[in-house]
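>>> Model the structure of this input:
(chains A, B, C and D)
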Protein chains: 2
Amino acid sequence: MAKAPPVDKRRQILDAAIRVFARQGFHATRVSDIADEAGVAYGLVYHYFRSKDEVLGELFVERWSLLLSAIEETDRTDAAPRQKLAAVAAFIVDSYRHDPELMKVIIVEVTRAANSFGRTHLEEIRRAYQSIAKIVEDGQKKGAFRDDVAPMFASMSFYGAIEQLLSGWIFDVIPASETDFDQAKELVVTTICDGLEPR
Amino acid sequence: MAKAPPVDKRRQILDAAIRVFARQGFHATRVSDIADEAGVAYGLVYHYFRSKDEVLGELFVERWSLLLSAIEETDRTDAAPRQKLAAVAAFIVDSYRHDPELMKVIIVEVTRAANSFGRTHLEEIRRAYQSIAKIVEDGQKKGAFRDDVAPMFASMSFYGAIEQLLSGWIFDVIPASETDFDQAKELVVTTICDGLEPR
DNA sequence: GGCCGTCGATTGACTGGTCAATCAGCCAGG
DNA sequence: CCTGGCTGATTGACCAGTCAATCGACGGCC
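Residues are numbered from 1 along each chain as shown, chains lettered A, B, ... in the order given. Here you go, the predicted model:
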């Protein structure tokens, strides 16, 4: 018999951590909560990770590197700048649609918590802003975007708008249905590129 | 002799808390840190406040109610919708310029930490979004704004963009000089109202 | 004036409970 | 029988919140 695929306990712990962090928040979860949720002994968490922080760090890095690749990948495309922004927005919104718990953890505990834990990852977060800024800068060179707005500034506004929407969904401030997701993707881009005032 | 104005220890504690929270973050500050910074005995903090949370809560409510009034006040004005948004942006940016430490604490520990502490104040936070949404809705009725964007959605994008800029300043992701502040006020409004694409 | 009682403000040592992290071994598969 | 994934009781540190004691301003009373 082929040896039973050994359940990957490390993965099991990470997945359990997503659920528990999403439910209780990072600070309020004890390492024993993670172990219990994973159906694993307390000590095993420390066999695979040096600390509770490292568990969260791993979750963040896993997903953030995907985002970084997605942005940079998109930028290499020869699509119109506006389309590139649309692709980035779609990727982030779809990430949330696909795995809301993980995105909640990343946004709430890392991205928007740069003071405590996130400080460690500021460099990676900044890199995402920078990549989006590059798309904007490129659009300006091509005359597709007005050039009186600093690219980094536009990038922050764009990303900030998206993250605020995710936060709204996460905390039930605004409704979150499938159609809301699709509209959101489109409307962020419309808002940022066309503006609120009629053309 | 008029009796010397008794130093208001309560205020002294609140002001010390702003400094310490801004420096170390809420979770990392011990109540003794606040007391030390205020030059006051440990127990006195508990004389004036029921808990460490209540200290932070007080700081938040004090300032957030100002923001709320400012937005609602602005809305009562008969200025153009775009001008109203500009006024709101200016108020927030100026709040940061005037007292960066307090704004850092509010944003990092409450507004962007809705999971842990901020949950208690979700209602007040939502009210700010709602008030901004009202300005947008009004603008749509007057034909000043396109009406195919949900007001609440536009509001979240607008506020999210501003908050992201403040976060950028707070964590030194983007430079923060006096001229940056002034430009930011203007550019958020330009971006949101006119869009990035040339007219 | 001098004395005393009251009461809120202030002090800081102490307690109780919580958890992250360690570590001494267990056991299953080779 | 040996290796290393796995176990979970234990330890040690940390800290929020309590509380009993002291201080000092003020007013009433002789």
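
>>> Hey, what's the angle from the least confident helix or strand in chain A by mean pLDDT to helix B:178-194? Just curious.
Among the helices and strands of chain A, helix A:178-194 carries the lowest confidence by mean pLDDT, DSSP states H and E, at a mean of 93. Counting by axes from the mean of the first three to the mean of the last three Cα atoms, to 10 degrees, helix A:178-194 lies at 120 degrees to helix B:178-194.

>>> Tell me which residues of helix A:178-194 come out buried.
A:180-181, A:183-185, A:187-194 (16 or more other Cβ atoms under 10 Å in any protein chain shown). For glycine as for every other residue, the C-beta is placed from the backbone atoms N, C-alpha and C.

>>> And stretch A:34-41, by the same measure?
Those would be A:34-35, A:37-38, A:40, for stretch A:34-41 by 16+ other Cβ under 10 Å.

>>> Check these one by one and keep those near DNA strand D.
With Cβ under 7 Å from any atom of the strand as the criterion, these include residue A:40 near DNA strand D.

>>> Now, the buried residues of stretch A:34-41 that are in helices?
A:34-35, A:37-38 (DSSP state H).

>>> Next up, the contacts around residue A:134.
Counting by Cβ atoms under 8 Å, 6 or more residues apart in numbering or on different chains, residue A:134 touches A:75, A:151.

>>> can you rerun that using 10 Å?
If a contact means Cβ atoms under 10 Å, 6 or more residues apart in numbering or on different chains, then residue A:134 has A:71-72, A:75, A:84, A:151-152, A:155 as its contacts.

>>> Can you select the buried ones among those for me in PyMOL?
Entered in PyMOL, the line below selects the buried ones among the contacts of residue A:134, by 16+ other Cβ under 10 Å:
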select buried, chain A and resi 71+75+84+151+152+155
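
>>> So in chain A, which helix runs the longest?
helix A:52-76.

>>> Give the buried residues for that one.
Neighbour counts over helix A:52-76 (16+ other Cβ under 10 Å) mark A:52, A:55-60, A:63-64, A:67, A:70-71, A:74-75 as buried.

>>> ok, back up a step: so can I have CSV of the contacts of residue A:134 showing pLDDT?
CSV is the format used below for these (pLDDT from 0 to 100):
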residue, pLDDT
A:71, 98
A:72, 97
A:75, 97
A:84, 97
A:151, 95
A:152, 95
A:155, 96
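
>>> nearest to DNA strand C, of the contacts of residue A:134?
residue A:71 (32.1 Å; Cβ to the nearest atom of the strand).

>>> Could you find the closest non-adjacent residue to that closest one?
Setting aside the residues directly before and after it, residue A:71 is nearest to residue A:131 in space (Cβ to Cβ, 6 or more residues apart in numbering or on different chains), at 4.4 Å.

>>> any idea which helix or strand carries the closest residue to residue A:38 other than its chain neighbours?
Leaving aside its chain neighbours, residue A:38 sits nearest to residue A:16 (3.6 Å; criterion: Cβ to Cβ, 6+ apart). Per DSSP states H and E: residue A:16 is located in helix A:9-24.

>>> gap between that helix and the chain center?
17 Å (Cα atoms, centre = their mean, to the nearest Å).
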